[in-house]
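Q: coordinates only, no sequence provided:
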């Protein structure tokens, strides 16, 4: 048997060719496994199956959005605060309808006795035989214009209400009335056919 020097690998020709043949066979098998259809289909399907098995199956279903719901009930009217109606008093040319009549003064105050009417000479039913005394009732109708309503009552046991005139103006007219009576003014009572002198109480008394 031939000996090899120390540090050198010795081989014969047969062993060398055997090693080359085995290497070529290994390279061929590796190439066939890497490029053949079986390798890709087997390993590819296996990885795909594992991937699909690991992921959950999600199904997305599109549902239509619900239509908006509006309140179809009629609006409740608040009777305490009715809707305002705007009108103008300048005629129909502005398109706002007929003119609006507004009260330019407050309600008239109630009647009360504001003085007395006296005249010379009495009657059988008078409290005094030498003169006649009648009550004067009045109420303020329009403070801005100084308008009043007045009336008096006849003397006797069954007095009745009768109108009076001041400066030839009837004083029981609810629209215009007559001028305010001052102390000492003359007042005519048509129902009695006589004129009287007014004595007006101070305002603090009524």
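A: Alright, I've got the coordinates. Nothing here was measured: the structure is a model prediction, and the numbers come from that model.

Q: buried residues in the longest helix along the chain?
A: Assignment by DSSP state H gives helix 13-35 as the longest helix of the chain. Along helix 13-35, no position meets the burial threshold by neighbour count (16 or more other CB atoms under 10 Å). From N, CA and C alone the C-beta is placed, and that goes for glycine too.

Q: tell me the mean pLDDT for that helix?
A: Helix 13-35 comes out with an average pLDDT of 84.

Q: helices and strands around that helix, which ones?
A: Helices and strands touching helix 13-35, by 3 or more CB pairs under 8 Å, 6 or more residues apart in numbering; DSSP states H and E: there are none.

Q: 10 Å instead?
A: Counting contacts by 3 or more CB pairs under 10 Å, 6 or more residues apart in numbering; DSSP states H and E, helix 13-35 packs against helix 37-54.

Q: give the next helix or strand downstream of the worst-scoring helix or strand of the chain on mean pLDDT.
A: The weakest-scoring helix or strand in the chain, judged by mean pLDDT, DSSP states H and E, is helix 37-54 (a mean of 51). Next helix or strand after helix 37-54 toward the C-terminus (DSSP states H and E): strand 112-120.

Q: that following strand pairs with which strands?
A: strand 131-142 (antiparallel), strand 194-200 (antiparallel) (DSSP bridges).

Q: buried residues in the first one, which are they?
A: So the one you mean is strand 131-142. Those would be 132, 134, 136, 137, 138, 140, 141, for strand 131-142 by 16+ other CB under 10 Å.

Q: pLDDT below threshold where in this structure?
A: 1-9, 11, 35-57, 59-106, 108, 122-129, 204-206 (pLDDT under 70).
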